[in-house]
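J.: Structure for this input, please:
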Amino acid sequence: MANPVLDLKRTALLSMDLQNTVVSIYTKNEPEFLARVATVLKSARERGLCVMHVQVGFRPGLPEVSPRNQFFGAIKNSPQWQQIFQGPSGAIHSDVAPLDDEVVITKRRVSAFTGTDLDMILRANEIDTLILLGIATSGVVLSTLLHASDADYQLFVVKDCCTDQDSEVHACLTEGLFPRRATVFTADELLDILKSATD
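T.: Alright, predicted model coming up:
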């Protein structure tokens, strides 16, 4: 694959839903996952790329969630599931945690855009290119990619910095659907791209 040219000043890396309990559930069989993401974040920061973080979070009682929402409605009805997004369980994992000056977007839906100020922040900083990674491939990555594609962002997905409980779904998305809307590459390929990116 020929390396695409990135304009670092107009590109943001979105690290999405890498919260403690989510990570522990989804990466049981991927011991190198967090280290790979951490390496990507480190390289992005060294090149001056805008790094942003996305997390799921709710007010007490989840007033943001409609009972008509099949996915989040189930969480609203389960105190056990709500704990996943509260306190230390809901914190972004320390291995990939934000630095002090990095923006953290808190969302109440699957997409990083729905109901958040993400688009406003990106446009205020003249960012038109996004690099996506996170958990799950069929959740936040898919939903955010589809929204961003329709909003005319140039998109990249780091496929081995995304994961899903269903490996076949992950493969179907990263090898089938995502390449229709984005450039898909590995963490190692991204590291090479960042080395050759323009300032």
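
J.: contacts and neighbour counts: CA atoms only from here.
T.: Will do.

J.: all strands of this protein, in order?
T.: For the chain, the strands defined by DSSP state E cover 11-16, 50-56, 104-107, 129-135, 154-163, 183-185.

J.: For the fifth one, what does the pLDDT average out to?
T.: Averaging pLDDT along strand 154-163 yields 98.

J.: Report all helices and strands that it contacts.
T.: In terms of contacts (3 or more Cα pairs under 8 Å, 6 or more residues apart in numbering; DSSP states H and E), strand 154-163 is packed against helix 33-46, strand 129-135, helix 142-150, strand 183-185, helix 187-196.

J.: Using PDB, write out every CA atom in the second one.
T.: Written as PDB, here are the backbone C-alpha positions of strand 129-135 (Å, rounded to 0.1, in the frame of the first residue of the first chain):
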ATOM      1  CA  THR A 129      -9.000  14.200   8.600                       C
ATOM      2  CA  LEU A 130      -9.600  11.600  11.300                       C
ATOM      3  CA  ILE A 131      -7.700   8.500  12.300                       C
ATOM      4  CA  LEU A 132     -10.000   6.100  14.200                       C
ATOM      5  CA  LEU A 133      -9.200   3.400  16.700                       C
ATOM      6  CA  GLY A 134     -11.000   1.900  19.600                       C
ATOM      7  CA  ILE A 135     -13.500  -0.600  21.000                       C
END
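
J.: Quick one: mean pLDDT for it?
T.: Averaged over strand 129-135, pLDDT sits at 98.

J.: now it, how far from the centre of its chain.
T.: Using Cα atoms, centre = their mean, to the nearest Å, the mean C-alpha position of strand 129-135 is found 5 Å from that of the whole chain.
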